[in-house]
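In: whatever this is, show me its structure:
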Amino acid sequence: MFRKILSLCLAVMMVAGLALAASGCTSGAGTGTADKDFKLGVILLHDESSTYDKNFIVAVEEAQKALGLSNSQVILKKGIPEGNECYEAAKDLVAEGCKVIFADSFGHEDYMIKAAKEFKDVQFCHATGTKAHTEKLDNYHNAFASIYEGRYLAGIAAGLKLKAMMEADSTIVPKIGYVGAFTYAEVISGYSSFYLGVKEIVPEVTMDVQFTGSWYDETLERNAANALINGGCVLISQHADSMGAPSACEDKGVPNVSYNGSTASTCPNTFIVSSRIDWAPYVKYICEQTMNGKKIDTDWTGTIGTGSVKLTELGSKAPAEGTQAIIDQYKAELVAGTRHVFDTSKFTVGGQNLTSYMADVDTDAAYTPDTEVVKDGYFHESEFRSAPYFDLKIDGITRLNENFG
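Out: Have a look, this model is predicted:
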């Protein structure tokens, strides 16, 4: 009797499995999707030549593989400026049947919102934006990640390198440089967290920042790095998207921390480490939510814990000995919540410790401060919205210029 029941159960399971396969529904990552009509559209500011955009392209490819989407189900629009061209690209993607449209650059936001208001049956998702939680549209969403934690850890690696350099040569002045795109909170948050990582290892360090006024301009970024090096900076990092700064560092033998990907192959003598946002978890999430008819978070923040903030492998030549073990220690403390990047006991503003700060979280035309973000001894970055709002001028950092675009 038991064998008869078992045989019957196996037969039922086999029939169910065949039916599932016939319908196109399978379980497990990378084995298929329940909606063969589903399409994802992606709007990119540049193309693979930009380290920033390449990072998104790689993430989309990873999510596509995990979801089992065919090439015809993923449409990339590359080289889309931060203007009405973004709206036109979104409109084209709607016409091509995309159910989710994702744009990757800050200046795309207003045009994505315009499209979302027009095409209410399509989900519009935007990286680095600030307005989803105030626009309150059911089909418009922002996303970012706590990349300041990744930059802080990269700063720890840079600090260890700087300390080793100073121990080897007592004449070295602990002055570092940073190539930034624009004087926006996103960049300020990034270079401040990097600086605080370095400062954790070398307390007397100072940093100069040079802004280029462009997210991607290899000549401007190279020139900015060279100017910083000529100004006495002995280590360089960046928040810009070309190989300009890393290449300048390799040419002059100056250690470098890059962004959005390893430069180990092109800058083998100077590459220390790189931090990046891994967008694959978010791309996979917005596709799955849409295919399953579920709501997408209005304002999503990825973390180290969600696999959204990552460091590359260390370079083979430039990093100080023992760097990985120390990074792992600091990372564990960040994940556990026992360490905070913007611990207000670790920096000053105008010579004073920060006890209160009203940040511009609910963006308006006048950028009016509206939210208290200092409590429990630290500045709560990316907790009240996903996009950064840390825009303070902390002591030890000198802006050589400003550029708001």
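In: use CA for all of it now, contacts and neighbours both
Out: Fine.
In: ok, residue 53 to residue 279 distance?
Out: 11 Å (C-alpha to C-alpha, to the nearest Å).
In: over to residue 96?
Out: Distance from residue 96 to residue 279, by C-alpha to C-alpha: 24 Å.
In: neighbour count winner among the two?
Out: Neighbour count, other C-alpha atoms under 10 Å: between residue 96 and residue 279, residue 279 has more, with 25 against 14.
In: dump the residue contacts of the more buried one.
Out: The contact partners of residue 279, by C-alpha atoms under 8 Å, 6 or more residues apart in numbering, come to 55-56, 59-60, 308.
In: quick check: residue 184 touching residue 402?
Out: No - the pair residue 184 and residue 402 fails to qualify as a contact (C-alpha atoms under 8 Å) at a distance of 9.6 Å.
In: find residues that contact each of the two.
Out: If you check residue 184 and residue 402 against C-alpha under 8 Å, 6+ apart, no residue is contacted by both.
In: quick revisit: show me which pair in the contacts of residue 279 is furthest apart.
Out: Pairwise distances across those peak at 13.4 Å for 60 and 308 (criterion: C-alpha to C-alpha).
In: shared neighbours, these two?
Out: In contact with both residue 60 and residue 308: 279-280, using C-alpha under 8 Å, 6+ apart.
In: quick one, which of those two is more surrounded?
Out: The neighbour comparison of residue 60 against residue 308 (other C-alpha under 10 Å) goes to residue 60, with 24 against 21.
In: element containing residue 178?
Out: strand 175-180 (DSSP states H and E).
In: quick one: the next helix or strand after that strand to strand 175-180, angle?
Out: Next in sequence after strand 175-180, counting helices and strands by DSSP H and E, comes helix 185-201. With axes from the mean of the first three to the mean of the last three C-alpha atoms, to 10 degrees defining the directions, helix 185-201 sits at 160 degrees from strand 175-180.
In: tell me the average confidence for helix 185-201?
Out: Computed over helix 185-201, the mean pLDDT rounds to 98.
In: and that helix, what does it pack against?
Out: helix 147-168, strand 175-180, strand 236-239 (3 or more C-alpha pairs under 8 Å, 6 or more residues apart in numbering; DSSP states H and E).
In: near residue 342, how many other residues are there?
Out: Per other C-alpha under 10 Å, the neighbour tally for residue 342 reads 22.
In: I meant residue 136, not that one.
Out: Counted with other C-alpha under 10 Å, residue 136 comes out at 11.
In: leaving out the residues flanking it, which one is nearest to it?
Out: residue 298 (7.9 Å; C-alpha to C-alpha, 6 or more residues apart in numbering).
In: also residue 259?
Out: The nearest residue in space to residue 259 (C-alpha to C-alpha, 6+ apart) is residue 274, at 5.0 Å.
In: report the beta-bridge partners for that neighbour.
Out: In this structure, residue 274 bridges to residue 258 when assessed by DSSP bridges.
In: what's the distance between it and residue 307?
Out: From residue 274 over to residue 307 the distance is 15 Å, taken as C-alpha to C-alpha.
In: neighbour count: these two, which is higher?
Out: Counted by other C-alpha under 10 Å, residue 274 and residue 307 do not tie: residue 274 has more neighbours, with 28 against 15.
In: contact partners for that one?
Out: Residue 274 is in contact with 154, 257-262, 311-314, counting by C-alpha under 8 Å, 6+ apart.
In: again, only using 7 Å
Out: By C-alpha atoms under 7 Å, 6 or more residues apart in numbering, the residues touching residue 274 are 154, 257-262, 311-312.
In: and residue 309, by the same measure?
Out: Residue 309 sits in contact with 145-147, 150, 276-278, 303, where contact means C-alpha under 7 Å, 6+ apart.
In: mind doing that once more with 6 Å?
Out: With contact set as C-alpha atoms under 6 Å, 6 or more residues apart in numbering, residue 309 has these partners: 147, 277-278, 303.
In: got JSON lines for those, with distance to residue 337 too?
Out: Below are those laid out as JSON lines (distance: C-alpha to C-alpha, whole Å):
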{"residue": "147", "distance to residue 337": "15"}
{"residue": "277", "distance to residue 337": "20"}
{"residue": "278", "distance to residue 337": "21"}
{"residue": "303", "distance to residue 337": "12"}
